[in-house]
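S.K.: Sequence and computational prediction follow.
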Amino acid sequence: MTKLKIGLMGGTFDPIHYGHLVAAEEARINFNLSKVIFIPAGNPPHKKDYKVTDSEHRYIMTALAVNSNPYFEVSRVEVDREGYTYTVDTLKWFREKYDNSVELFFISGADAILDILTWRKVEEVLKYCTFIAATRPGYTSEQLERKVKEVKNLYGKEIFILEVTGMAISSTDIRKKVKNGQSIKYLVPEAVEYYIIKNNLYR
Ligand code: NAP
């Protein structure tokens, strides 16, 4: 029996932009995913030293951005969790929600996946899902390829690399642009742009 495949798109999404949306759509098509669930990070442990925008704002912007794609959803699972949010808990939650006829894929940025061996309970994380590392076309680094091999040797799990058109857009760059009063038109969906302006984010 062929398994139903579901994509989980994990990210801080501060803010969500077209790079993330294109990555999710390309993953959906390339890996034959029935849907992609966006999971804005709640309180990311690896960002203790940065000021991350309130999770409710990031959740709403993600919901606005995915609204027009019938294959996309957004989950509050991390936003509603108390304390630091670890991917292992999120994956366990989804694993318990779906039975074994569902195969889970976790889509994230290649840079985040480079650090995967430092993640909490990495062995368990890798048991729950298959990773898709989104990267810019032509930028697949030797470092990433080494990490993919290392994970395969240590845990016998494949990490897929997905080269994504439009991944040059970055949340950091968008935040800087807003702060400097520059346009972010065509980098984020219009509804997200208006939400940022209305709520005076990133000023
Ligand atoms: P990050 O370090 O802020 O981002 C690394 C790079 O990946 C950035 O270039 C980022 O671009 C890009 N990126 C992030 N998420 C992406 C996505 N879904 N699709 C395409 N590109 C993406 O990473 P992060 O957002 O904080 O973390 C990514 C995921 O890994 C989250 O779900 C997080 O919870 C998880 N994680 C878990 C642990 C743990 O459990 N210990 C540790 C680290 C990360 P932008 O800046 O433009 O988004």
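M.R.: Nice, thanks for sending it over.

S.K.: The residue nearest to residue 195 when sequence neighbours are not counted: what's it in contact with?
M.R.: Counting by C-beta to C-beta, 6 or more residues apart in numbering, residue 195 lies nearest to residue 61, which is 5.5 Å off, once chain neighbours are set aside. C-betas here are computed from N, CA, C, even on glycine. If you count contacts by C-beta atoms under 8 Å, 6 or more residues apart in numbering, residue 61 has them with 13, 15, 16, 192, 195, 196.

S.K.: Apply 10 Å and report the result again.
M.R.: When contacts are counted by C-beta atoms under 10 Å, 6 or more residues apart in numbering, residue 61 touches 13-17, 40, 53, 74, 188-189, 191-193, 195-196, 199, 201.

S.K.: does any part of the helix or strand encompassing it sit near the ligand?
M.R.: Assigned by DSSP states H and E, residue 61 falls within helix 55-66. No. In terms of C-beta under 6 Å from any ligand atom, no part of helix 55-66 sits within range of the ligand; the closest distance is 10.2 Å.

S.K.: List the buried residues of that helix.
M.R.: By 16 or more other C-beta atoms under 10 Å, the buried positions in helix 55-66 come out as 55, 57, 58, 59, 60, 61, 62, 63, 64, 65, 66.

S.K.: As TSV, the residues you listed with distance to residue 107 would be great.
M.R.: Formatted as TSV, the buried residues of helix 55-66 follow (distance: C-beta to C-beta, whole Å):
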residue	distance to residue 107
55	20
57	22
58	17
59	18
60	21
61	18
62	14
63	18
64	20
65	15
66	13
